[in-house]
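A.B. asks: Predicted model, plus sequence, below.
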Amino acid sequence: DSGVTQTPKHLITATGQRVTLRCSPRSGDLSVYWYQQSLDQGLQFLIQYYNGEERAKGNILERFSAQQFPDLHSELNLSSLELGDSALYFCASSPTHSLYGYTFGSGTRLTVV
Amino acid sequence: ILNVEQSPQSLHVQEGDSTNFTCSFPSSNFYALHWYRWETAKSPEALFVMTLNGDEKKKGRISATLNTKEGYSYLYIKGSQPEDSATYLCASLSGNTPLVFGKGTRLSVIA
């Protein structure tokens, strides 16, 4: 157990639907990062939150949004889902800066049918 | 846009062989280079964080070197074992940005 908890582990849903992925960072970590891994792609950075505020944004689609709550857990909302959104979504956390490296969760496998 | 490239994409070696793979990254505004080990059905785990040119880190049979001037890092595995089979990811940190990952090198060690 890495200390970063992601739920659910697997999710199967239909096109056009909306889902919420949840992440609880390792105790003491203030930064949460969301990454997407699609087939044959590396880990693509989506968004970072630090202590409740958005810190950096990557190639995140407008249909996707995220937030970090006062207890530091984070949620990634994916709406109007398309087949191409099927991927493994990772959450990672770090104490503050990325310099210290990440602790990854086990990921959520999203399948859109 | 920061591009991190890893080669080879995949590698098959016999048990006991030593092997190495490469990570290349833009050298401007360099902060750190990270290596992760990612076993199937698990989450990536940190191996090394390297920041200084000429850095060399070692953990058991695995070691890594860093050249920040030319923008590359090597990961070496000595005497590969089946349990070393995994995808090895490198990630570069430049400025105040999140880590940018390469696509990884998938290593299979055949007993």
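C.D. replies: Happy to help now that I have it.
A.B. asks: Find the residue at the geometric middle of chain A.
C.D. replies: A:Trp34 (3.3 Å; C-alpha atoms, centre = their mean).
A.B. asks: Quick check: that one touching A:Gln68?
C.D. replies: No: using C-beta atoms under 8 Å, A:Trp34 is not in contact with A:Gln68; the gap is 10.3 Å. (C-beta placed from N, C-alpha, C; glycine too.)
A.B. asks: Find the residues that touch each one of those two.
C.D. replies: Common contacts of A:Trp34 and A:Gln68 (C-beta atoms under 8 Å, 6 or more residues apart in numbering or on different chains): A:Ser74.
A.B. asks: Okay, and the beta partners of the residue nearest to B:Met50 when sequence neighbours are not counted?
C.D. replies: Ranked by C-beta to C-beta, 6 or more residues apart in numbering or on different chains and with sequence neighbours excluded, the top spatial neighbour of B:Met50 is B:Leu66, at 4.3 Å. Counting by DSSP bridges, B:Leu66 is bridged to B:Ser73.
A.B. asks: follow-up on the earlier one: how about the contacts made by the residue nearest to the centre of chain A?
C.D. replies: A:23, A:45-48, A:60, A:66, A:74, A:76, A:89-91.
A.B. asks: Mind doing that once more with 10 Å?
C.D. replies: A:21, A:23, A:44-49, A:58, A:60, A:64, A:66, A:74-76, A:89-92, B:98 (C-beta atoms under 10 Å, 6 or more residues apart in numbering or on different chains).
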